[in-house]
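# build me a structure from this.
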Amino acid sequence: MPVVAFCTMRSILFAAEIMLCELAFVYGYGRRSRFALRAAAAAACVLLTAVGMGHLTACVISHGAGAYYIFISCASYLAVFAASVAGCALCFCIKVRQLAFCAVSGYCMRHLIFTCYVLVVTVCMPRYNLLRIEYTGWAAAGIYVALYAALYAACVFVFVRPISRSRDYDVGVKALVLFAAVLAVNVAVNAISELYSQEHFALYINGMILQIGSMLLVLFVQTLLLDRLQLRGEKQIVNTILEQQEKQYKFAEVNAELLSIKAHDLKHQVAVLRAGGEDAEKLLRSIEDVTGAYDTVIKTDNTAVNVVMSEKWMYCRSHDIKLTCMVDPRALAFMENVDVYSLLGNLLDNCIEAVAALESPDRRVVSLNIADHAGVVTVTARNYYAGDVTLRDGLPVTSKTDRTSHGFGTRSIRRIVEKYGGSVDMRAEDGVFAVSITFSR
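Okay, the predicted model is just below:
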């Protein structure tokens, strides 16, 4: 096979391998609009980059520039890798840190499969190594496909499935840099050992075994790290549930006290009504005010909206907080009831907690607006606040001392919004904290 054709083939194979491995990690994320068109454009861009870098590598080999081969080989892989990462960002709704984790994990998985394939064919069937220019052929291609399919399936089962249980991938910048550094060293070692494989065969084999061990270690560490993060997240969920139960208990306690008072006074009120006169008229107006207040609780076709709004409205009424709302009952119909309850509940809890600390009655106000504008659903919550609010990564930093147990509400809001492909913006300006959520249906 001519050198140009061989180098182009290797570059295209690498592009296909890296895209398949990255896809294994990003597949669970939401797809952007016109996904098929975006995917076709991304694949074309990656393949064109692979062809170009393949021709460049062939030119270096043809001119016998062995010293430059290592640099050009690494640059070629890096260029195709960068194009594949850009393609993932183009096609999927994914944050930068999550994309970085998926990209590093995908490359680690690809490099592990590649090294295992090369080791097997080099030791067991050297005549059928598709990645050697003198051994290419249909038999070598068939063995390549079979080995890659088996190794890919094994990696998906052992690494991708456990890692994909958590879609947050919030492992931290330091861990990502460490994983990327280990991967970069392995890619450089592979290029060097490949260049001198004929002269130092034993060293070449040992280098591949070392690379396999390194990639296995990285993927296992990622799995263990994400398991730890998942356990921490579950702990936060339990703590949040306990907080919600405490709030619910307080809410029920207030209602029970009100009912007890009303029941105690009922026999006296009955006597006043029987007597008639001005006192009876005043009592009737009072009863009408109470029953009218309960009639003003929001009643829509959305059960979750009714429950959460009734609960928060009654709590606000008993704590001298004014809750104003404008709700389109059909706007959140595309969401599951449990997500609607969690989203609105967390939004209003944060607002109520902020205004409860204020003394001025004019500032103890919470507003909520839910609207659908031609398929664009907006959820906006506003409240006054006292003191300073610091935003980090788009979320307010909790002022409570136990930072691991608190601040989960705002993160829960973001998770629910991203689950449905929406965006959330939080701002604190001029003493007003505003949360704006947008969904495109």
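
# which residue ranges form the helices in the stretch 251-400 of the chain?
Secondary structure of the stretch 251-400 of the chain, counting by DSSP state H, counting those that start in this stretch: helices at 278-295, 303-318, 337-356.

# let's have those helices in TSV, adding mean neighbour count, mean pLDDT and distance to I413.
Glycine gets a C-beta too; all of them are placed from N, C-alpha and C. Formatted as TSV, the helices of the stretch 251-400 of the chain follow (neighbours: other C-beta atoms under 10 Å; pLDDT from 0 to 100; distance: least, C-beta to C-beta, whole Å):
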stretch	mean neighbour count	mean pLDDT	distance to I413
helix 278-295	11	61	29
helix 303-318	19	81	13
helix 337-356	20	87	5
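
# any idea how the protein splits into domains?
Per automatic domain parsing, the structural domains of the chain span 3-235, 296-440.

# for the helix or strand A40 falls within, packing partners?
In the assignment (DSSP states H and E), A40 maps to helix 35-62. Here helix 35-62 touches helix 3-26, helix 66-91, going by 3 or more C-beta pairs under 8 Å, 6 or more residues apart in numbering; DSSP states H and E.

# which one of the ones you listed is the most hemmed in?
Highest mean neighbour count among the helices and strands packed on helix 35-62 (mean count of other C-beta atoms under 10 Å): helix 3-26, with a mean of 21.

# what's the offset of that one from the middle of its chain?
Relative to its chain's centre, helix 3-26 lies at 27 Å (C-alpha atoms, centre = their mean, to the nearest Å).

# begin at 54 from here
Will do, 54 is the new start, and the previous item becomes helix 56-79.

# quick revisit: buried ones in the helix holding A93?
Applying a neighbour-count criterion of 16 or more other C-beta atoms under 10 Å, one finds 91-92, 95-96, 98-100, 102-104, 106-107, 109-111, 113-114 buried in helix 88-115.

# so it versus helix 119-144, what angle?
Orientation of helix 88-115 against helix 119-144 (axes from the mean of the first three to the mean of the last three C-alpha atoms, to 10 degrees) gives an angle of 180 degrees.

# next one: phi and psi at R417?
Main-chain dihedrals, R417, degrees, to the nearest 10: phi -90, psi 60.

# isn't E70 right up against Y201?
Yes - using C-beta atoms under 8 Å, E70 makes contact with Y201 at a distance of 7.4 Å.

# quick check: neighbours shared by these two?
Shared contacts of E70 and Y201 (C-beta atoms under 8 Å, 6 or more residues apart in numbering): I166.

# for the chain, where's the lowest mean pLDDT among helices and strands?
Among the helices and strands of the chain, helix 331-348 carries the lowest confidence by mean pLDDT, DSSP states H and E, at a mean of 61.

# just send the helices of the stretch 304-453 of the chain back as a markdown table, with distance to V432 too.
Below are the helices of the stretch 304-453 of the chain laid out as a markdown table (distance: least, C-beta to C-beta, whole Å):
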| stretch | distance to V432 |
| --- | --- |
| helix 331-348 | 25 |
| helix 356-371 | 11 |
| helix 390-409 | 7 |
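
# of all those helices, which one comes closest to I125?
Nearest to I125 among the helices of the stretch 304-453 of the chain is helix 390-409; the distance by C-beta to C-beta comes to 50.4 Å.

# picking that back up, in terms of mean pLDDT, which of the helices and strands packed on helix 88-115 ranks lowest?
Mean pLDDT is lowest for helix 119-144 out of the helices and strands packed on helix 88-115, coming in at a mean of 81.

# the host helix or strand of A193 - contacts with which helices or strands?
Take DSSP H and E as the rule and A193 turns out to sit in helix 191-208. If you count contacts as 3+ C-beta pairs under 8 Å, 6+ apart, helix 191-208 packs onto helix 56-79, helix 149-177.

# distance check, the residue nearest to A95 when sequence neighbours are not counted against V99.
Nearest residue to A95, sequence neighbours excluded (C-beta to C-beta, 6 or more residues apart in numbering): G140, at 2.9 Å. Taking C-beta to C-beta, to the nearest Å as the measure, G140 falls 6 Å from V99.

# which residues are common contacts for those two?
M72.

# now do the contacts for G140.
Taking C-beta under 8 Å, 6+ apart as the test, what G140 contacts is 72, 92, 95-96, 98-99.

# where in the stretch 154-303 of the chain is pLDDT low?
Applying pLDDT under 70 to the stretch 154-303 of the chain flags the ranges 184-189, 216-229, 232, 239-241, 243-254, 280, 282-303.
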